[in-house]
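J.: Compute the structure for the input listed below.
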Amino acid sequence: MALQQCGLNLSGTSRELQPHGSTEFPCAGYASRHTQRQEADIPWHWHDEIELISLAEGQMNVSTPSASFLLEKGRLVAINSGVPHAASAMGECGLRSMVFSPALICGSDDSVFARKYMRPLAACKAFSGVLLEEECVSRWFAAAHDALAQDAPGFEFTVRENLSRICLRLCERFAGQIDERASAMDRDDLRVKKMLGCIHENFADNLSLRDVAGAAGISERECLRCFERTIRLSPFQYLLKYRVMRGAETLLTDPASSVSEAASRCGFNSPSNFARIFKRFYHCTPREYRRANVRRDDALTLPPAPEA
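T.: Just a heads-up that it's a prediction; the model follows:
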């Protein structure tokens, strides 16, 4: 089973629709390179599977609604099922990740592994995301990831064995916290999923705070509180950042489009306003950005990372 490139296909609630593995073997491995460019960020999303994220080199910030983690080589971030998360590189880095269903470890729903370990772990509210720094955990992850990449006979045993070791370590890490802390954080996570979906689906429209709050059925004041607590940005700040990211993506993936067309596609009412906001993020104009990052053959290059 070959590794895949990271690529998100999101539903209206920011749920990732891309299948991870198959019904027979519900696990997928990913390898990709990221830079500090805004459009190279991994936007907020969620999926039903557990995700393990590692780096071959560089540094990356990984965020959940309740915490942020500085990821470096030798460290591993584990994200629980259903938890919204996002990531942004600090310079150039090589990302390695594995996304797998708890069913890979459990086998049948009525097994002892499901009853005693994986179902309680997936339901543990204390486990939204966690940084694992033990050398053995990194070694187990590397063994599973390499086995998946090499696709040698019997690789499934190696993957399942090493991911099971990591899951056991997570169960030990959160022993005593299983089924605790069911609180407002659950409610905020659900609200954020709905509001992010509204922004991702309608970013090019004239969205108002009322529109975003309405997607979650809450007041505008509660919407502001929920965003600040989980995303650590206001809805408007997140919308602006997302629009600029999509605008930068258009400049690189559609070289035939004009700056005016890129501005219109990502929700800006004028090219000058787009250029002004774009320069705030990238410290250059849209035309300068396109010239620096698109070769004559229209292939994408990896430019020097802009300042955050």
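J.: got the residue ranges for the helices in the stretch 51-200 of the chain?
T.: Remark: helices assigned in the stretch 51-200 of the chain by DSSP state H, counting those that start in this stretch are 103-106, 112-113, 119-123, 135-150, 155-173, 184-202.
J.: Contact partners for Leu52?
T.: Each residue near Leu52 by Cβ atoms under 8 Å, 6 or more residues apart in numbering is listed here: Leu76, Val77, Ala78, Ile79, Ser97, Met98, Val99, Phe141, Leu163, Ile166. To be clear about C-beta, it is placed using only N, CA and C from the backbone, and glycine gets the same treatment.
J.: Please verify my assumption that the second one contacts Val130.
T.: Yes: the pair formed by Val77 and Val130 meets the contact definition of Cβ atoms under 8 Å, at 7.2 Å.
J.: Compare these two (neighbour count), which wins?
T.: Val77 (24 against 18; other Cβ atoms under 10 Å).
J.: circling back to that earlier point, what's the farthest-apart pair in the contacts of Leu52?
T.: Greatest spacing in the contacts of Leu52, by Cβ to Cβ: Val77 and Leu163 (14.8 Å).
J.: quick one: the residue nearest to the spatial centre of the chain and Ala248, what's the gap?
T.: The centroid of the chain falls nearest to Ala86 when counting by Cα atoms, centre = their mean (3.6 Å). Distance of Ala86 to Ala248, given as Cβ to Cβ, to the nearest Å: 17 Å.
J.: Now do the lowest-mean-pLDDT helix or strand in the chain: everything it contacts.
T.: The helix or strand of the chain with the lowest confidence, counting by mean pLDDT, DSSP states H and E, is helix 184-202 at a mean of 81. With contacts defined as Cβ under 8 Å, 6+ apart, helix 184-202 is touched by 10-15, 43-46, 65-66, 82-84, 125, 128, 207, 211-213, 215-216, 218, 223, 226-227, 229-231, 235, 238-239, 242.
J.: again with stretch 55-66
T.: By Cβ under 8 Å, 6+ apart, stretch 55-66 touches 34, 53, 68-73, 75, 77, 79, 83-96, 128-129, 185, 188-189, 192, 229-232.
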